[in-house]
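**Student:** sequence first, then the predicted structure, then my questions.
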Amino acid sequence: MELSQTIASLSGSIRMEKGCRRCDFCQSVADGNQLFLIEEWDTQENLMTHLKSEHFRVIRGAMNLLEEPYERMFHTLIEEIAAPEELGKEGR
């Protein structure tokens with residue numbers, strides 16, 4: 001419960017950090033003990049700055065108090081943008 005409160009209280013501040021596109025805190029419907037912090041950053045540089053921030057240090061410290069080990073995953077997404085001539089060709 002303490003971890004949930006900590007993350008929920010920080011998520012608004014994290015959203016205000018430079019480059020943050022998304023910061024959502026979720027709980028699994030199937031398993032109430034599973035919590036997810038989903039963040040999306042515009043650049044690797046802004047992500048690395050966030051990972052060194054006080055906000056992230058507080059979250060990491062709270063996570064270290066968990067009885068079971070936590071899992072941290074990073075995913076890299078590449079946005080594919082259609083060329084102007086390709087736009088509007090759907091449905092032909």
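**Tutor:** Received the coordinates, thanks.
**Student:** which parts of the helix or strand hosting Gln5 are buried?
**Tutor:** Assigned by DSSP states H and E, Gln5 belongs to helix 2-15. Within helix 2-15, the residues that count as buried by 16 or more other C-beta atoms under 10 Å are 6-7, 10-11, 14. (C-beta placed from N, C-alpha, C; glycine too.)
**Student:** same check on stretch 48-59?
**Tutor:** 50, 55-56, 59.
**Student:** got the residue ranges for the strands in this structure?
**Tutor:** Here the chain has its strands, by DSSP state E, at 20-27, 35-41.
**Student:** what is the longest one packed up against?
**Tutor:** Looking back up the chat, that one is strand 20-27. Here strand 20-27 touches helix 2-15, strand 35-41, going by 3 or more C-beta pairs under 8 Å, 6 or more residues apart in numbering; DSSP states H and E.
**Student:** cool, and the last one?
**Tutor:** Using 3+ C-beta pairs under 8 Å, 6+ apart as the contact test, the elements touching strand 35-41 are helix 2-15, strand 20-27, helix 44-51.
**Student:** what does that strand rub up against?
**Tutor:** Applying C-beta atoms under 8 Å, 6 or more residues apart in numbering, the contact partners of strand 35-41 are 3-4, 7, 11, 14, 19-28, 47, 50, 59, 77.
**Student:** and with 10 Å instead?
**Tutor:** Strand 35-41 is contacted by residues 3-4, 7, 10-11, 14-15, 17-28, 47-51, 56, 59, 63, 66, 70, 72-75, 77 when judged by C-beta atoms under 10 Å, 6 or more residues apart in numbering.
**Student:** what would the buried residues of helix 2-15 look like in TSV with pLDDT?
**Tutor:** What follows is these, written out as TSV (pLDDT from 0 to 100):
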residue	pLDDT
Thr6	87
Ile7	87
Leu10	92
Ser11	92
Ile14	95
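**Student:** now Leu10, nearest residue through space, not along the chain?
**Tutor:** Leaving out its chain neighbours, the residue that sits closest to Leu10 by C-beta to C-beta, 6 or more residues apart in numbering is His55, at 5.2 Å.
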